[in-house]
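Visitor: quick one: sequence plus predicted model below, questions after.
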Amino acid sequence: MDQRKLRNRILLFLVLAGIVAYALVRLSAREPVAKIAAVMPARDNLVSSISSNGKVEPISPFVIRAPLDTFVEKVTGVEGQPVKKGQLLLELNVRDARAQLDDAEARLLRAQDELRAARGGGKADEAARIDGDLAKAQGDRDRLARNRDALQRLIAKQAATRDELTANDLALSNAQAEVKRLSAAKQEFERGVKLDAGRTALQVQQIQSEIASLRAKVASARITAPTDGTLYSLPVKTGDYVKTGDLLAEMADLHRVRVRAFIDEPELGALAPNEPVRITWDALPNRTWTGQTEVIPKQVVAHSTRSVGELLCSVDNQKLELLPNINVDVKIHSNERTNVLTVPRAAVDAENDHRYVFVVTKNALGKSRLSRREVQLGIADSTNFEVLSGLQENEMVALPGDAVMHDGMAVKIVNTDAAYVRGHSDAR
């Protein structure tokens, strides 16, 4: 009897051990269940925007530069203040230019006298001397020629000798040579007169150009505002030495300014003309300026460590608070959708050019699993994507957590409240 009880007890222990072993095997083989948060898609209004940095520029600036090398005599303008057209900004020292102008005007008078003389046939006294010498030589030649004819007739009548004829012929030959020499000298004089006329005319033109330039420099001693506007740059002060071309002042009408926004290359495709723009400046944190896009970038350039397109925006600045060359923040509203289906950006996964979400599904036993599904997306704001297709409003979408999600993964939904969703919306 005792042996039977002992055998039964041993058999019972073996059965229990088998049951425990079986339970342990089943427990060890059970699939782990990840705890995740999930959210349902919601209807919302989306505004797609691009944020970047930019620099303020005047639209039509007037740049005033030094017309000559000189000293700044006096500065009357004040940087940053509005000015009226014709208002004196500063004066330059032009005493040297004025002295050069007086000298050039004196040289012009002399050159004009020489030009009139050249065009009149040369200097009167020299021309008269050359003409007189030639006329005398021609008279001597003609007289000796007549004497030769007379001597030949007298010789025929034996009233003159051959020696007298020979002496006359020698004098006639010398007279003819003198006429030829003086005729050549007259031609050379007249040619020289013509050359002098051309050279003197060119000299007169050069001096006149020099005088015009000097008069402009003398007149530029008074630097005045070319138009109404704001004098936003005045880098010189009284006593400064400036060289030709140095910057003296910059001004413009700043009631409307241009902002050059630096847009990263991946966002250039979303830009279009006439889109609303909002400008903020750290120096005035409570102010906002509005405008619109104007010139869309046609090329990409290097800007610091970024590859950007330079977008030009026109911005209202009626209170003249935005100053040229300051750095500002730019926000461009490129697209807007109302009452569209949205999901948090964190819920969307990307692979190449495809976008996916993990939809939470339940089997017949009520167990939750993840199903990877491709979706088509529209615009986005900082927290949400617009869903065009691939997802329904009543479906639940998993949000990322500690566990790496994959297709078919068993999960347990632990948190779907709005605070959790907001806290994890920028996780990706």
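Guide: Ah, there it is. Numbers count the residues shown, from 1 in each chain.

Visitor: what about Leu388, how many neighbours?
Guide: 13 (other C-beta atoms under 10 Å). (Each C-beta comes from the backbone N, C-alpha and C, glycine too.)

Visitor: so who does it touch?
Guide: 375-378 (C-beta atoms under 8 Å, 6 or more residues apart in numbering).

Visitor: got it, and Val375?
Guide: Per C-beta under 8 Å, 6+ apart, neighbours of Val375: 343, 348, 355-357, 387-391.

Visitor: now, these that are in strands?
Guide: Using DSSP state E, the members of those that fall in strands are 343, 355-357, 387-389.

Visitor: biggest separation within these, which pair?
Guide: Tyr356 and Leu388 (14.1 Å; C-beta to C-beta).

Visitor: returning to what we had before: which of the contacts of Leu388 has the most neighbours?
Guide: Val375 (21 neighbours).

Visitor: alpha carbons of the helix or strand encompassing it, as CSV, please.
Guide: Element membership for Val375 (DSSP states H and E) is strand 368-380. C-alpha atoms of strand 368-380 as CSV (Å, rounded to 0.1, in the frame of the first residue of the first chain):
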residue,chain,number,x,y,z
SER,A,368,-2.4,44.8,-32.3
ARG,A,369,0.2,44.6,-35.0
LEU,A,370,1.9,47.1,-37.3
SER,A,371,1.3,47.2,-41.0
ARG,A,372,3.7,49.3,-43.1
ARG,A,373,1.8,51.2,-45.7
GLU,A,374,2.9,53.7,-48.5
VAL,A,375,1.1,57.0,-48.5
GLN,A,376,1.0,60.0,-50.8
LEU,A,377,1.6,63.3,-49.1
GLY,A,378,0.9,66.9,-50.0
ILE,A,379,2.1,70.1,-48.3
ALA,A,380,3.6,70.2,-44.8
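
Visitor: sorry, back to before: between the contacts of Leu388, which is nearest Arg95?
Guide: Gly378 (72.0 Å).

Visitor: returning to that earlier point: in JSON lines, list the ones in strands among the contacts of Val375 along with distance to Ala249 and pLDDT.
Guide: Converted to JSON lines, those look like this (distance: C-beta to C-beta, whole Å; pLDDT from 0 to 100):
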{"residue": "Val343", "distance to Ala249": "56", "pLDDT": "93"}
{"residue": "Arg355", "distance to Ala249": "55", "pLDDT": "91"}
{"residue": "Tyr356", "distance to Ala249": "60", "pLDDT": "93"}
{"residue": "Val357", "distance to Ala249": "60", "pLDDT": "93"}
{"residue": "Val387", "distance to Ala249": "57", "pLDDT": "93"}
{"residue": "Leu388", "distance to Ala249": "56", "pLDDT": "92"}
{"residue": "Ser389", "distance to Ala249": "60", "pLDDT": "92"}
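
Visitor: ChimeraX command for the buried members of the residues you listed?
Guide: This is the ChimeraX syntax for the buried subset of the ones in strands among the contacts of Val375, where burial follows 16 or more other C-beta atoms under 10 Å:
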select :343,355,356,357,387
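
Visitor: what bridges to Lys331?
Guide: Beta-bridge pairing for Lys331 (DSSP bridges): Ser51, Arg278.

Visitor: which residues are in contact with it?
Guide: 49-51, 277-280 are the contacts of Lys331 under C-beta under 8 Å, 6+ apart.

Visitor: likewise Gln208?
Guide: Leu108 are the contacts of Gln208 under C-beta under 8 Å, 6+ apart.

Visitor: over to it. Which of the three states is it?
Guide: helix (DSSP: H, G, I helix; E, B strand; the rest coil).

Visitor: same question, Gly245
Guide: coil.

Visitor: what's around it, how many residues?
Guide: 10.

Visitor: could you do the one 4 residues further on as well?
Guide: The tally of other residues near Ala249 (other C-beta under 10 Å) stands at 23.

Visitor: return the set of residues that bridge with it.
Guide: Ile64.

Visitor: measure it to Gly77 for me?
Guide: 7 Å (C-beta to C-beta, to the nearest Å).

Visitor: and Ser183, by the same measure?
Guide: 71 Å.

Visitor: check Thr70 too.
Guide: For Thr70, the distance to Gly77 - C-beta to C-beta - is 18 Å.

Visitor: domain parsing for this structure?
Guide: Annotated domains of the chain cover 31-46+338-424, 50-59+255-336, 62-93+221-250, 95-219 [automatic domain parsing].

Visitor: low-confidence regions, the stretch 1-150 of the chain specifically.
Guide: In the predicted model of the stretch 1-150 of the chain, residues 1-6, 8, 20-31, 115, 117-128, 130-131 satisfy pLDDT under 70.

Visitor: apologies, that question was intended for the stretch 151-300 of the chain.
Guide: 186, 188-190, 192-198.

Visitor: which residues in it form helices?
Guide: Ranges of helices in the stretch 151-300 of the chain, per DSSP state H, counting those that start in this stretch, are 162-219.

Visitor: confidence score at Ser334?
Guide: Ser334 is assigned a predicted lDDT (pLDDT) of 69.

Visitor: and what of the one 10 residues further on?
Guide: Per-residue pLDDT puts Pro344 at 93.

Visitor: so what's Ile36 up against?
Guide: 398-399, 401, 403, 405, 411-414 are the contacts of Ile36 under C-beta under 8 Å, 6+ apart.

Visitor: can you tell me which of the residues you listed is nearest Thr290?
Guide: Leu399 (35.9 Å).

Visitor: now that closest one, which residues is it bridged with?
Guide: Beta-bridge partners, per DSSP bridges, of Leu399: Ala37.

Visitor: run a quick neighbour tally on it.
Guide: 25.

Visitor: wait, it touches Ala346, no?
Guide: Yes. Counting by C-beta atoms under 8 Å, Ala346 is a contact partner of Leu399 at 5.8 Å.

Visitor: hmm, back to that, anything in contact with each of Ala249 and Gly77?
Guide: Joint contacts of Ala249 and Gly77 (C-beta under 8 Å, 6+ apart) are 89-90, 231, 234.

Visitor: all strands for the stretch 51-200 of the chain, in order.
Guide: 62-65, 70-75, 82-83, 88-92 (DSSP state E, counting those that start in this stretch).

Visitor: over to the stretch 201-350 of the chain?
Guide: Counting by DSSP E, counting those that start in this stretch, the strands of the stretch 201-350 of the chain are 222-224, 229-233, 241-242, 247-252, 256-264, 276-281, 284-295, 301-303, 306-316, 327-344, 349-351.

Visitor: which one of those strands lies closest to Ala37?
Guide: Taking the strands of the stretch 201-350 of the chain one by one with C-beta to C-beta, strand 327-344 is closest: 10.3 Å.

Visitor: of the contacts of Ile36, just the buried ones, ChimeraX syntax please.
Guide: Buried subset of the contacts of Ile36, written as a ChimeraX selection, criterion 16+ other C-beta under 10 Å:
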select :398,399,401,405,411
